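1. Sequence plus predicted model, see below.
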Amino acid sequence: MTTHATPPASPAALSRRDFLSLGLGALGLIGLLQVGAMTLQFLGPRRADGEFGGLVSAGPAESFPAGSVTEFPDGRFFLVRLDDGGFLAVYRRCTHLGCAVSWQAAEARFSCPCHGSHFDQAGAVQNPPAPRALDTFPIAISDGVVVVDTAAPQQRDRFSPDQLVYA
Ligand code: FES
């Protein structure tokens, strides 16, 4: 009776096994790196200053005349300066279903293209279906410069003069 010993693995088989092990290890490492990168992204600041989600420096208060509306597309807001000199940073997101409103200077109103809501210069509802005034963002005026915090939208039912910020 003859016995057959299992032949040693060929160099080619070993290198295939090694290759598979290395490949699986590399895939695992890539997966770990991706999870780490996503975790850092989640824990870090969501947006840089100067764009929506961060602090946006709008410029010197004196550069905005009374009665003006200035759009800041990157910040997704309009800086409104009412006739009495008070500032409001009005979020462009319609309070009905979230479409972007635009300022229509000829009619002196914000207008929503989706379902026809209108808002006055202070963002108060003139025409439904929007259920409440446009949201605003906090404003700080420091050394004469208007800074808007677009990370913290503020809901309001209607406009009230105590929402205005003065230089
Ligand atoms: S989303 Fe603006 S009126 Fe509907």
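-> Yes, it's here.

2. and Arg158, what does it touch?
-> Arg158 sits next to Ala124, Val125, Arg132, Ala133 when contact means CB atoms under 8 Å, 6 or more residues apart in numbering. Yep, even glycine has a C-beta here, placed from its N, CA and C like the rest.

3. Return a ChimeraX selection command for the buried portion of the residues you listed.
-> Selection of buried members from those for ChimeraX, criterion 16 or more other CB atoms under 10 Å:
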select :124,125,133
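
4. Among the contacts of Arg158, give me the pair with the biggest separation.
-> Largest separation among these by CB to CB: Ala124 and Arg132, giving 9.0 Å.

5. related to what we said a few turns ago, quickly name whichever of the contacts of Arg158 is closest to Asp83.
-> Nearest member of the contacts of Arg158 to Asp83, counting by CB to CB, is Ala124, at 14.9 Å.

6. Surely the closest one and Ser160 touch.
-> No. Assessed by CB atoms under 8 Å, Ala124 is found out of contact with Ser160, at 9.4 Å.

7. what residues does this structure put near the ligand?
-> Cys94, His96, Leu97, Gly98, Cys99, Cys112, Cys114, His115, Ser117, Pro129, Ala130 (CB under 6 Å from any ligand atom).

8. show me what contacts the first one?
-> So the one you mean is Cys94. So Cys94 contacts Ala100, Val101, Cys112, Cys114, Ser117, Ala130, Leu134 (CB under 8 Å, 6+ apart).

9. domains of the protein?
-> Under automatic domain parsing, the residue ranges defining each domain of the chain are 11-44, 55-163.

10. Next, the distance between the ends of stretch 132-146.
-> Chord length of stretch 132-146, first to last residue, is 26 Å (CA to CA, to the nearest Å).

11. List the buried residues in it.
-> Ala133, Leu134, Asp135, Thr136, Phe137, Ile139, Val146.

12. want to try CSV for the residues you listed, with secondary structure and distance to Thr70 as columns?
-> CSV is the format used below for the buried residues of stretch 132-146 (DSSP: H, G, I helix; E, B strand; the rest coil; distance: CB to CB, whole Å):
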residue, secondary structure, distance to Thr70
Ala133, coil, 19
Leu134, coil, 15
Asp135, coil, 17
Thr136, strand, 15
Phe137, strand, 14
Ile139, strand, 13
Val146, strand, 10
